[in-house]
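Trainee: only geometry, no sequence info:
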């Protein structure tokens, strides 16, 4: 049995055609005119989510590439040395 308190903590009720991300609906479209990709996802949010997913997929590839991990360590070490040299000159 649900109490009123439990219902207030639940997800907000959406109209049948309302985006789960930005809450646009048939009467209030996104700034860029959108359409429905899924029953509860507009094309604007779908495009953004797809782009973010692509960036994350590429990042995951880089994160596990041993050569790139080694290069990142070298860059970090060089940045540290440059910072130490600048601090030495300033003092």
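Mentor: That came in fine, so what should we check first? Small disclaimer: the values here were computed from a predicted structure and weren't measured. Residues are numbered from 1 along each chain as shown.

Trainee: every contact and neighbour count from this point should use C-alpha atoms.
Mentor: Will do.

Trainee: now do the same for residue 60: its pLDDT.
Mentor: pLDDT recorded at residue 60 is 81.

Trainee: go on, residue 15?
Mentor: So residue 15 comes in at 57 (pLDDT).

Trainee: the one 10 residues further on too?
Mentor: Among the per-residue scores, residue 25 shows a pLDDT of 92.

Trainee: was I right about it contacting residue 17?
Mentor: Yes - Residue 25 sits in contact with residue 17 when judged by Cα atoms under 8 Å, with a separation of 5.8 Å.

Trainee: neighbour count: these two, which is higher?
Mentor: Using other Cα atoms under 10 Å, the more surrounded residue of residue 25 and residue 17 is residue 25, with 21 against 17.

Trainee: now the more buried one. Nearest residue, chain neighbours left out?
Mentor: residue 18 (4.4 Å; Cα to Cα, 6 or more residues apart in numbering).

Trainee: ok, the one you found - contacts?
Mentor: By Cα atoms under 8 Å, 6 or more residues apart in numbering, residue 18 lies in contact with 24-26, 39-41.
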